[in-house]
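Engineer: I'll drop the sequence and a predicted model, then ask my questions.
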Amino acid sequence: MIPRFHLAFPVHNLKMAKQFYTQVLGCSLGRESDKWVDFNLYGHQIVAHLAPKDCNQQQKNRVDGDEIPSRHFGVILDWMEWEILCKKIMDKDVKFYVKPKIRFKNKKGEQGTFFILDPSSNVLEFKAFKHDKMVFEK
């Protein structure tokens with residue numbers, strides 16, 4: 001089993017965060033208080049903390065033609081799960097920050113990727129590699 005990661009991130013509204021992470025991404029809820037909420041994101045624990053002042057614009061870097069915020073998080077899925085999630089996001093009329101695309105085509109690290117924003121403008125990336133060995137290939 002691959003160890004699970006834990007990630008805490010700021011949100012400006014816990015109710016909106018709960019709605020987005022459960023209804024759009026399909027996360028199950030864990031523990032919660034009036035200051036934070038745990039979510040299960042593909043077996044990983046992510047925690048939305050009520051911290052409106054920490055929700056701000058971020059530095060961006062150009063990656064394969066797109067301006068990507070330096071602070072973002074997400075999950076590497078298998079290719080079929082990635083395609084299913086793409087369709088689910090489209091069906092829910094969630095706007096893509098970066099539309100689904102194949103990045104680094106015909107190069108090491110070729111991947112399907114897309115980015116979305118949660119209601120607090122946290123950037124999430126979901127990606128898939130055709131071959132798992134490419135994840136860390138140089």
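Structural biologist: Arrived safely.

Engineer: For Q45, which residues are in contact?
Structural biologist: 4-7, 30, 38-39 (C-beta atoms under 8 Å, 6 or more residues apart in numbering). Every residue, glycine included, has its C-beta placed from N, CA and C.

Engineer: now swap in L124 and tell me
Structural biologist: 25, 72-74, 115-118.

Engineer: do the same with D38
Structural biologist: 29-32, 45-47.

Engineer: quick revisit: so which of the contacts of L124 is the closest to A51?
Structural biologist: D118 (13.4 Å; C-beta to C-beta).

Engineer: Can you show me the helices along the protein?
Structural biologist: For the chain, applying DSSP state H gives helices covering 14-19, 79-91.

Engineer: do you know which of the ones you listed lies nearest Q57?
Structural biologist: That would be helix 14-19 among those, by C-beta to C-beta, at 18.5 Å.

Engineer: ok now stretch 5-22, how far from the chain's centre?
Structural biologist: Taking the mean of its C-alpha atoms, stretch 5-22 sits 11 Å from the chain's own mean (C-alpha atoms, centre = their mean, to the nearest Å).

Engineer: Which residues are in contact with H6?
Structural biologist: Neighbours of H6 in contact, by C-beta under 8 Å, 6+ apart: 44-47.

Engineer: Bridged to the spatially most central residue of the chain, which residues?
Structural biologist: The centre of the chain sits closest to L124, judged by C-alpha atoms, centre = their mean, with a distance of 2.7 Å. L124 has the following beta-bridge partners by DSSP bridges: F73, I116.

Engineer: For the residue nearest to G112 when sequence neighbours are not counted, grab the count of nearby residues.
Structural biologist: Leaving aside its chain neighbours, G112 sits nearest to A128 (4.7 Å; criterion: C-beta to C-beta, 6 or more residues apart in numbering). When neighbours are counted by other C-beta atoms under 10 Å, A128 registers 21.
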